[in-house]
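Engineer: This is a predicted model, with the sequence first.
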Amino acid sequence: MTAETAATTGEAAGGGYAAARLRLLGEEGRPGPARRTDLAGLTDAWLAGLLGDGPRPGRVALVAVGGYGRGELSPRSDLDLLLLHDGSAPAKEIAALADRLWYPVWDLGIALDHSVRTLAEAHETAADDLKVHLGLLDARHLAGDGALTAELRTALLAQWRAQAPARLPELHELGRERVRRHGELPFLLEPDLKEARGGLRDATALRAVAASWVADAPRQGLDAARNTLLDVRDALHLATGRATDRLALEDQDQVARALGLLDADALLRRVYEAARTISYASDVTWREVGRVLRARAARRRLRGILTTRATRRPATDERTPLAEGVVEQDGEVVLARTARPDRDPVLPLRAAAAAAQAGLPLALPAVHALAAADHPLPVPWPAEAREQFITLLGAGPDTVPVWEALEAAGLITRLLPDWERVRCRPQRNPVHRWTVDRHLVEAAVRASALTRRVERPDLLLVAALLHDIGKGWPGDHSVVGETIARDMATRIGFSAEDAEVLGTLVRHHLLLVETATRRDLDDPAAVSHVAEAVGSTGTLELLHALTEADALATGPAAWSGWRASLVADLVKRVAATLEEGGAPPRTGPPSPTVAAERLAVEAMRTGAPVLALHPRPEPPLAEATAGDQDEERGPEPVGVELVVALPDQPGVLPAVAGVLALHRLTVRSAELRAIDPTGQGQVLLLDWRVAAEYGSLPQAERLRADLVRALDGSLDIPGRLAEREAAYRRPRRSHATPPPRVTVAPLGSRLATVIEVRAQDAPGLLHRIGRALDAAGAHVRSAHVSTLGANAVDAFYVTGPDGAPLPDAEAAALARDLELALAG
């Protein structure tokens, strides 16, 4: 206690507590924690004086509990007091002593939460009422028999630790119930600083968990976050003169000024940041509590069972590979023992994408290791980093907890520095449910459900994440955001053309809904204005999906069946305008490279498969002879090039795709075409871009040997894949992915029917598609396969047995059957 506090304490002991309290609370420039400490000390001394040093009825102690016990005494806080006695004195004497303590408190108008109990009664009440037990965990001796208070604390802590397996789940449920009633503090315009998720109640619950010795909360930033909320509550109490925890809109400017902040938005940002720290610490802690309690229960079940299974390694030691350097262990995503965060700048995004796609949390030690590594991504990002980022964004609701883990460690702003301007930024429009940054993440979540509707799901997901990025800057956020989005797209590694599309989407993300709801759609000028702004049907398709994702992420009032129908009508009219000049012809596969043609000649000569692995793609033949190799080619693709050539025969596509799946090679892109290199017959040329799921690439000879066996029927690919799937324990996602979508392209090709497939990428997906097409008797003349993040966007040019395009009815039936096969 400071000398100044000691002086005021002496004054309080002489009856001047009220004046000393007012003087303390009226001082300016006192830091929150110091003032709370001094206020608690002042009140301690006053209450001790009320109890006095004279004779007492038996063993008696005055104990501070709850927030007062923790020393968190705000200007209008209740005094939580327990008069503890040993039960030896008559009840009348104890009651008289209680009156001597309570009435002076009431006379000063201070709220009082009081109780009078014996040790046995305190134990019994704590056993019956969890909230009472929580308050008693913070018991602090004020006056009287200190040994009696020590007995209480010792017994209650032992009781809490013994009952932890039953009490902690009950405490967790209390927290979930508070969220249902009071919402999430980091996203509320008028938050309850105490009861909402991420508030002071959650910080208190974390102390209780730590006291149980079951788990401990992440300490980094937690004390500072709790003190931030307490400082805001102190200022709120002084500004309103009331004991309130609700930070109402009309009080925010005054509270901001009291704390020396610029304005109410700066206040809310500080509150939101503190609440996010507490929320994330709560998520991590409760996950650890669940893990420990499950492990304890399992050990109890196994205790005494003497079987050979008792010698098996514990389940917590089992590790399932998810990606290079990333494994799953005991329901969390951790780094592999061989992972080197200091040498692998893509590892944070790879781990995050793997966690989100598996529907699992990133373990706290993994997050700390990734944050500690000082190896930033080069700018622009390499192709793998871009693909992993898109995969993270496309994981649906499972993206959110992984994103929060990255943000808590500072990794998001390290990857995307412009994100800092929107982080924790409040939105004063009551239609908006979230802060700006969380709204952007939620928009990406909503967009992930719409990826089957667009040809470029990667651009949709990134546009959803960036569409309001300009809100952190002065001016029209759409105009400002266009420039920022282009810069960020370039940083992420998109080509100049893709960055232009993303800039257009951000600039016009409100165009469709504003035009559809405010303009006459029968006016050709309105339709022409939209058509001129978007420029192409592909961009229009993306903007339509972005509009819906943005509205759905805003809140329930922002989207309705009426708005959806108006926007759809506008999109239909704009699409017709854009298509009036005729649809551009579909471009075929690029010309084969010189090396690919050599492989085709060798395949025709030997009558057997020939393949080659190239770490980088070779330029097409026309470019190789043109001499302009310095021309800009755009971002470097993911993986290595695998070229396969073999004589035309049935079952090639499923055979090659199945062999790649067996060797854990993911297909990032593929082109299939038939050529006649010698004039003596057709050779199928398959140009793949593949990457290993984890580990190193297989040898080309091994791939060729397995392909030969697959084609002659001696290698049972479906059986081998099924066996591996059964043995390979993959995490089960908590949210369903969008269903596959298979359509017949309306303006496909004069030579073949074009079947378009949009589906969630998965091991063996292309093998399943190829088998289904073969089973239907469709011959694949050529194919264009691409994987964008976790989305497969494929087109197959198929003909019937006669080599002609399929009749319309057969094509529709094939698309329907293929969609059912992929969904099963």
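Structural biologist: Good, I have the coordinates. Numbering: from 1, shown residues only.
Engineer: quick one: residue 99 from residue 51, how far?
Structural biologist: Plainly put, residue 99 is 12 Å away from residue 51 if you go by Cβ to Cβ, to the nearest Å. In short, each C-beta sits where N, CA and C put it, glycine included.
Engineer: Looking at these two now, which is surrounded by more residues?
Structural biologist: Shown here are residue 99 and residue 51; by other Cβ atoms under 10 Å, residue 51 has more neighbours (18 against 10).
Engineer: Which residue, other than its chain neighbours, is closest to the more buried one?
Structural biologist: Of all residues not flanking residue 51 in the chain, residue 143 sits nearest, at 4.4 Å (Cβ to Cβ, 6 or more residues apart in numbering).
Engineer: Which strands and helices lie in contact with the helix or strand that contains the one you found?
Structural biologist: Element membership for residue 143, per DSSP states H and E: strand 140-144. Here strand 140-144 touches helix 32-51, strand 60-64, helix 146-162, going by 3 or more Cβ pairs under 8 Å, 6 or more residues apart in numbering; DSSP states H and E.
Engineer: Next, the angle from that strand to helix 146-162.
Structural biologist: Calculated by axes from the mean of the first three to the mean of the last three Cα atoms, to 10 degrees, strand 140-144 forms an angle of 150 degrees with helix 146-162.
Engineer: ok, and what's touching strand 140-144?
Structural biologist: Strand 140-144 is contacted from outside by 44, 47-48, 51, 56, 59-65, 68-71, 81, 84, 149-150, using Cβ atoms under 8 Å, 6 or more residues apart in numbering.
Engineer: Tell me which stretches of the stretch 501-650 of the chain form helices.
Structural biologist: For the stretch 501-650 of the chain, the helices defined by DSSP state H, counting those that start in this stretch occupy 511-518, 524-534, 537-554, 561-578, 594-606, 621-626.
Engineer: nearest to residue 130, of the ones you listed?
Structural biologist: Comparing these against residue 130 with Cβ to Cβ, the closest turns out to be helix 537-554 (36.4 Å).
Engineer: What residues sit buried inside stretch 341-355?
Structural biologist: Buried residues in stretch 341-355, counted by 16 or more other Cβ atoms under 10 Å: 341, 344-355.
Engineer: make that stretch 377-391, sorry
Structural biologist: Under the neighbour-count criterion of 16+ other Cβ under 10 Å, stretch 377-391 has 377, 380-391 buried.
Engineer: Any chance of JSON lines for the residues you listed, columns pLDDT?
Structural biologist: Formatted as JSON lines, these follow (pLDDT from 0 to 100):
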{"residue": "377", "pLDDT": "94"}
{"residue": "380", "pLDDT": "95"}
{"residue": "381", "pLDDT": "96"}
{"residue": "382", "pLDDT": "95"}
{"residue": "383", "pLDDT": "93"}
{"residue": "384", "pLDDT": "94"}
{"residue": "385", "pLDDT": "96"}
{"residue": "386", "pLDDT": "96"}
{"residue": "387", "pLDDT": "95"}
{"residue": "388", "pLDDT": "96"}
{"residue": "389", "pLDDT": "98"}
{"residue": "390", "pLDDT": "97"}
{"residue": "391", "pLDDT": "96"}
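Engineer: Quick check: the farthest pair among those?
Structural biologist: Largest separation among these by Cβ to Cβ: 380 and 391, giving 17.8 Å.
Engineer: Quickly note the distance from residue 498 to residue 296.
Structural biologist: 52 Å.
Engineer: Please identify which of these two sits among more neighbours.
Structural biologist: Counted by other Cβ under 10 Å, residue 498 and residue 296 do not tie: residue 498 has more neighbours, with 20 against 13.
Engineer: tell me the pLDDT at the more buried one?
Structural biologist: Per-residue confidence at residue 498 stands at 97 (pLDDT).
Engineer: Quick check, it in contact with residue 459.
Structural biologist: Yes: between residue 498 and residue 459 a contact is recorded at 6.3 Å, counting by Cβ atoms under 8 Å.
Engineer: pLDDT averaged over the strand holding residue 143 - what is it?
Structural biologist: For strand 140-144, the mean pLDDT works out to 96.
Engineer: Neighbouring strands - and their directions - for it?
Structural biologist: Strand pairing for strand 140-144, using DSSP bridges, gives strand 60-64 (antiparallel).
Engineer: Contacts for the strand it pairs with next, please.
Structural biologist: Contacts with strand 60-64, where a contact means Cβ under 8 Å, 6+ apart, come from 44, 47-48, 51, 69, 79-86, 89, 94, 97, 101, 139-146, 148-149, 152.
Engineer: Tell me which other helices or strands the very next helix or strand once past it touches.
Structural biologist: Next in sequence after strand 60-64, counting helices and strands by DSSP H and E, comes helix 66-69. Packing partners of helix 66-69 (3+ Cβ pairs under 8 Å, 6+ apart): strand 79-85, helix 130-137.
Engineer: could you redo the last one with a cut-off of 7 Å?
Structural biologist: With contacts taken as 3 or more Cβ pairs under 7 Å, 6 or more residues apart in numbering; DSSP states H and E, helix 66-69 sits against strand 79-85.
Engineer: So for the strand it packs on, mean pLDDT?
Structural biologist: On average, the pLDDT along strand 79-85 is 96.
Engineer: Flag the shaky bits of the stretch 551-700 of the chain, pLDDT-wise.
Structural biologist: Scanning the stretch 551-700 of the chain for pLDDT under 70 picks out 581-590, 615-637.
Engineer: Could you identify the helix or strand that succeeds the longest helix along the chain?
Structural biologist: Taking DSSP state H as the criterion, the chain has its longest helix at helix 264-302. Sequence order places strand 320-323 as the next helix or strand after helix 264-302, per DSSP H and E.
Engineer: Name the residues of that next one that are buried.
Structural biologist: Across strand 320-323, burial judged by 16+ other Cβ under 10 Å covers 321-323.
Engineer: Repeat that for stretch 761-774.
Structural biologist: 761-774.
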